[in-house]
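> here is a sequence together with a model predicted from it:
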Amino acid sequence: MNKKENKVNNVNKMNFKRLKYGIFRRIYKNNPVKYTKNKFEYYMGYKLNLKCPKTFNEKLQWVKLFYYNELYEKCSDKVEVRDYVKEKHLENILTKLYGVYNSLDEINFDELPQKFMIKTTHSSGGGYVVKDKNEIDFDKMSQIINQSLATNLYPENYEWQYKNLKPRIMVEELIETDKPDLIDYKFFCFNGKVKYIYVSIGTTTIDEFAIDFYDENWNYLNVKREHHKNFGKIEKPEKFEEMKKVVEKLSEDFTHVRVDLYNENDRIYFGELTFTTGSGYGKFEPESFDTELGKYFDLEKLKLTNQKVNK
């Protein structure tokens, strides 16, 4: 088979795979287990084992399908999670909150400071950076915010913690930086301890963001996240040890959670808590890193705190 025929053959296989996935998606949309198994195999390239999950992504799927903890819901709401941070006596890492609204029409922009961040409270993304409120592109901002307000993350991936969250808008302090973009430090915590960190750049102003991985001692790891470029080693943040203490305090109530922080202006800022990173469809290179992460995720311990299996 020549290169041209081989290329055509690969395209045909991919089209058949997409067609097959589309059919299963329609048939099993109301059957979370079958839908998730099919989608997982489609995206991850191997069958989902829910009886004895081993990889990190498999265990995240188990959480989505069989686990419930009301604290997940509270901490997935970007406003309500602030109360949780305060309960941990970490008010100092919170940004200033200027207001919470049900719609853009409720916002009096004259009362807001010159710079701020506007985003939705219930969803992923849905944010608009305002560096000068006299230069707001209201059409673009409205499109981003209203589209996010109309989005419910639950139906597509069965992340139950988002299902019943009330869509709202929050306006908060803009975290400023002298760098081209904010550096987002994402700490993977298991049983209240940091095991790995992934650092992303380009989440607010650059279309394509880059990701690199480190261990808990800031040793650079040769790991990639599929569809994201690497940007290379960066210096350990000055407040790294303090950041670790913060995330371990925020993660102590959970078998697993990802804690996101920023470190700018000689200050630590809280980002968010995430319980099902990438909806459990995040491919790593090498693939063995998926198993490496998974070995720290103790589902047996999680089952002991399960509040309700039938969500």
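Cool, got the structure. Numbers count the residues shown, from 1 in each chain.

> please name the bridge partners of the nearest residue to residue 177 once chain neighbours are set aside.
The shortest distance from residue 177 to any residue that is not its chain neighbour, by CB to CB, 6 or more residues apart in numbering, is 4.9 Å, and that residue is residue 264. (Each C-beta comes from the backbone N, C-alpha and C, glycine too.) Per DSSP bridges, residues listed as beta-bridge partners of residue 264: residue 267.

> and stretch 88-101, end to end?
The first and last residues of stretch 88-101 sit 26 Å apart, counting by CA to CA, to the nearest Å.

> buried residues in that stretch?
Applying a neighbour-count criterion of 16 or more other CB atoms under 10 Å, the buried positions in stretch 88-101 are 90, 93, 95, 98, 101.

> per-domain residue ranges of this structure.
Structural domains annotated on the chain: 3-64, 65-78+85-91+180-311, 96-174, as defined by automatic domain parsing.

> show the average pLDDT along the longest one.
This predicted structure assigns domain 65-78+85-91+180-311 an average pLDDT of 91.

> which non-adjacent residue is nearest residue 130?
Ranked by CB to CB, 6+ apart and with sequence neighbours excluded, the top spatial neighbour of residue 130 is residue 116, at 5.1 Å.

> which stretches in the stretch 201-311 of the chain count as helices?
Taking DSSP state H, counting those that start in this stretch to define them, one finds helices in the stretch 201-311 of the chain at 240-251, 288-294, 299-304.

> tabulate those helices (a markdown table), appending mean neighbour count and distance to residue 131.
Listed next are those as a markdown table, based on neighbours: other CB atoms under 10 Å; distance: least, CB to CB, whole Å:
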| stretch | mean neighbour count | distance to residue 131 |
| --- | --- | --- |
| helix 240-251 | 18 | 26 |
| helix 288-294 | 18 | 36 |
| helix 299-304 | 13 | 42 |
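
> how near is the residue nearest to residue 177 to residue 85?
17 Å (CB to CB, to the nearest Å).

> and for residue 176?
Separation of residue 176 from residue 85 (CB to CB) stands at 21 Å.

> okay, the two: which has more neighbours?
Counted by other CB atoms under 10 Å, residue 176 and residue 85 do not tie: residue 85 has more neighbours, with 19 against 11.

> neighbours of residue 151, how many?
Every residue meeting other CB under 10 Å relative to residue 151 is counted, giving 18.

> do I have it right that residue 53 meets residue 65?
No - using CB atoms under 8 Å, residue 53 and residue 65 do not qualify as a contacting pair, with a distance of 10.5 Å.

> what do those two both touch?
Shared contacts of residue 53 and residue 65, defined by CB atoms under 8 Å, 6 or more residues apart in numbering, are not found at any residue.

> burial count for residue 109?
14.

> and for residue 183?
Applying other CB under 10 Å, we find 19 residues neighbouring residue 183.

> which secondary structure element contains the residue nearest to residue 295 when sequence neighbours are not counted?
Of all residues not flanking residue 295 in the chain, residue 54 sits nearest, at 7.9 Å (CB to CB, 6+ apart). Residue 54 is part of no helix or strand when elements are defined by DSSP states H and E.

> next one, pLDDT for residue 54 please.
97.

> quick check: it touching residue 294?
Yes - contact status for residue 54 versus residue 294: in contact at 5.5 Å, counting by CB under 8 Å.

> ok so, going back, the residue nearest to residue 295: neighbour count?
Applying other CB under 10 Å, we find 13 residues neighbouring residue 54.

> for residue 70, see how far away it is.
As defined by CB to CB, residue 54 lies at a distance of 28 Å from residue 70.

> distance of the residue nearest to residue 88 when sequence neighbours are not counted from residue 191?
Among residues not flanking residue 88 along the chain, residue 249 sits closest, at 5.2 Å (CB to CB, 6+ apart). Taken as CB to CB, the spacing of residue 249 relative to residue 191 amounts to 13 Å.

> and for residue 126?
According to CB to CB, residue 126 stands 31 Å off from residue 191.

> between the two, which has more neighbouring residues?
Between residue 126 and residue 191, residue 126 has the larger neighbour count (other CB under 10 Å), namely 20 against 15.

> quick one: contacts for the more buried one?
119-120, 144-145, 147-149, 151.

> kindly check the end-to-end length of stretch 128-139 for me.
Start and end residues of stretch 128-139 are separated by 11 Å (CA to CA).

> tell me the buried residues in it?
Within stretch 128-139, the residues that qualify as buried by neighbour count (16+ other CB under 10 Å) are 128, 130.

> cool, stretch 153-169 as well?
Residues of stretch 153-169 classed as buried under the neighbour-count rule (16+ other CB under 10 Å) are 153, 157-162, 165, 167-169.

> try stretch 26-34
Judged by neighbour count using 16+ other CB under 10 Å, the buried positions of stretch 26-34 are 28, 32.
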